[in-house]
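In: Here's a sequence, model it:
(one chain, ligands or ions: 1)
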Amino acid sequence: MAHGQPHAHGAASKGDKRGHHIHWASHYDLFVRLFTFGRGGGVRRKTIDLAALRPGDAVVELGCGTAELSRRAKQAVGSEGRVIAIDPSPEMLAEARTLAGKEDADVEFREAGMQATGLPDECANVVIVSLAVHHVYEEDRTRAFAEILRILTNNGRFVIVDFEGPRGFFGKVMMTLLLHPKGPQIISEAENWFSDQGPVALERYTLPFPGLQALVGVKRPPP
Ligand SMILES: C[S@@+](CC[C@H](N)C(=O)[O-])C[C@H]1O[C@@H](n2cnc3c(N)ncnc32)[C@H](O)[C@@H]1O
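Out: Numbering: from 1, shown residues only. Take a look at the predicted model:
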C-alpha cells in the first residue's frame, strides 16, 4: 500500500477517545444476531457492496467493534491491500483480534476514537463506519466527520451506516428496545454536514433492516 504508515497526528487532547464504548465485547456478535433476527448478514453484505472494494485498496474502519466488516474487507482487498480497524474500547479490540486470528485475517487494529484517529492525511481510499456514529457524543460528531475527509484520498469513498429514525411499526419497536424511542437521525445529520463541505458527492441507500440507512460519499478534488 502506497499510503504511508500511520503516525500520531497532532497532540492528544481531552475527549479524543470518548463516546459510548461497548465493553461487553464477547456478547456483541450474539446480540447483533438476536437483534437483527438473522438479517445482519444482509446488512453486512450491502455495506461491503456499497464500499465497492477492489484488490489493493487501503481501507480504514472506524468504530470497528468485533471487526466483522474489516475481516470481510480484507478478503476483498487481498494481500496487496490493507485494512486498519479502529475502536476506543480495549475489550472490543481484544475480541476483534481473536476473531481475526481465527480467520487468519491480516487486519491492523488501533485503539482510538473516530474523532482523533491519529492516522496520516489521505491514508485511505475507503472509510467504513458501521453503526458507530451514534456512539460518538453529539458534540464530537463534526470532528469525527472531518476526520473521515482528512484521512480519505481524493476520489476516496466513505460508507456510513447508521440509524435514520424508526421506520414503520417494527422499526419503532426496535428503537424503543434500544432506548432510542424517537430514533436518532444520524444519516441526515451526516448528510447535512458533508453537503456543506465542498466537493463531496453524496448518495443515500436503504438497508435490509428497518431504520437503517447508508450514506455513501466520494471526496472530490478541490476545483
Ligand atoms: C454498535 S458497535 C458497532 C460495531 C461494528 N462497526 C458493527 O458494525 O458491528 C459501536 C462501536 O463504536 C465504538 N465507539 C464508541 N465510541 C466511539 C468513538 N468515539 N469513536 C469510534 N468508535 C466508538 C464502540 O466501542 C463500539 O465498538
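
In: quick one: the helices in this structure?
Out: 25-35, 40-51, 68-77, 90-102, 141-151, 168-177, 186-195 (DSSP state H).

In: and this structure, which residues reach the ligand?
Out: 19-22, 32, 62-65, 69, 87-89, 92, 113-115, 130-132, 135-136 (Cβ under 6 Å from any ligand atom). From N, CA and C alone the C-beta is placed, and that goes for glycine too.

In: mind listing which of the residues you listed are in strands?
Out: The strands, defined by DSSP state E, take in 62, 87, 130 from those.

In: and of those residues, the nearest to residue 223?
Out: Distance ranking of those against residue 223, using Cβ to Cβ, places residue 62 first at 27.6 Å.

In: Just list whatever residues bridge to the residue most central in space within the chain.
Out: Centroid check for the chain by Cα atoms, centre = their mean gives residue 129 as the closest residue, at 1.2 Å. On the basis of DSSP bridges, residue 129 is bridged to residue 62, residue 160.

In: Now that it has come up, it's in contact with residue 135, right?
Out: No: in this structure, residue 129 is not within contact of residue 135 by Cβ atoms under 8 Å, at 10.1 Å.

In: right, and the helices of the chain - which one's nearest residue 157?
Out: Closest among the helices of the chain, once you apply Cβ to Cβ, is helix 40-51, at 6.9 Å.

In: buried set for that closest one?
Out: 40, 43-44, 46-48, 50-51 (16 or more other Cβ atoms under 10 Å).

In: Mind putting these into CSV with distance to residue 97 and pLDDT?
Out: Converted to CSV, the buried residues of helix 40-51 look like this (distance: Cβ to Cβ, whole Å; pLDDT from 0 to 100):
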residue, distance to residue 97, pLDDT
40, 21, 80
43, 23, 92
44, 19, 94
46, 26, 96
47, 21, 97
48, 21, 97
50, 26, 98
51, 22, 98
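
In: For the residue sitting furthest away from the middle of the chain, give me the pLDDT.
Out: Relative to the centre of the chain, the most outlying C-alpha is that of residue 223, 27.7 Å out, by Cα atoms, centre = their mean. For residue 223, the pLDDT comes out at 78.

In: Now it: closest residue in space, sequence neighbours ignored.
Out: Among residues not flanking residue 223 along the chain, residue 199 sits closest, at 6.6 Å (Cβ to Cβ, 6 or more residues apart in numbering).

In: residue contacts, the one you found?
Out: The neighbourhood of residue 199, defined by Cβ atoms under 8 Å, 6 or more residues apart in numbering, consists of 219-223.

In: Of these, which is the nearest to the ligand?
Out: If you rank the contacts of residue 199 by distance to the ligand using Cβ to the nearest ligand atom, residue 219 comes first, at 19.8 Å.
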